[in-house]
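A.B. asks: next one to model:
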Amino acid sequence: QVQLQESGPGLVKPSQTLSLTCTVSGGSITTSYSAWSWIRQPPGKELEWMGVIGDDGRTWYSPSLKSRTSITRDNAKNTVYLQMNSLKPEDTAVYYCYARVLGGDYWGQGTQVTVSS
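C.D. replies: This is a model prediction of the structure:
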């Protein structure tokens, strides 16, 4: 069973950079045909797909967030990272790590990020 665990700061100031970690267990981030995404949900709004990194390390991003977002990975640590710069209060959301791997869909429990001074 693949398990995803997000971690990161709960509170970030406007204009700062957010760094989140998704630690993966029960499966490898280099598994063929796998995809590892970051998705967020602002309060009272729908889920928003942010971007994905594939098994080969290629990345794709939401056009609206591409200029501020970077998804990377550390194969040795089996970990996926999200970095987002120039944060704004409207970036306040629960951030989820999501994986499509081994024929299944898996979600982390999410981590709350609040952007406030």
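
A.B. asks: before we move on, what SS does Cys22 have?
C.D. replies: strand (DSSP: H, G, I helix; E, B strand; the rest coil).

A.B. asks: start the count at 7, not 1, going forward
C.D. replies: From this message on, residue numbering opens at 7, which makes the last subject Cys28.

A.B. asks: correct me, but it touches Asn84?
C.D. replies: No. Between Cys28 and Asn84 there is no contact under C-beta atoms under 8 Å: 9.7 Å. Any C-beta I mention is one placed from the backbone N, CA and C, and that applies to glycine too.

A.B. asks: who has more neighbours, these two?
C.D. replies: Of the pair Cys28 and Asn84, Cys28 is the one with more neighbours under other C-beta atoms under 10 Å, namely 27 against 16.

A.B. asks: who are the contact partners of that one?
C.D. replies: Applying C-beta atoms under 8 Å, 6 or more residues apart in numbering to Cys28 gives the contacts Leu10, Gln11, Glu12, Trp42, Trp44, Thr85, Val86, Tyr87, Leu88, Cys103, Gly114.

A.B. asks: I am finished for the moment; much appreciated.
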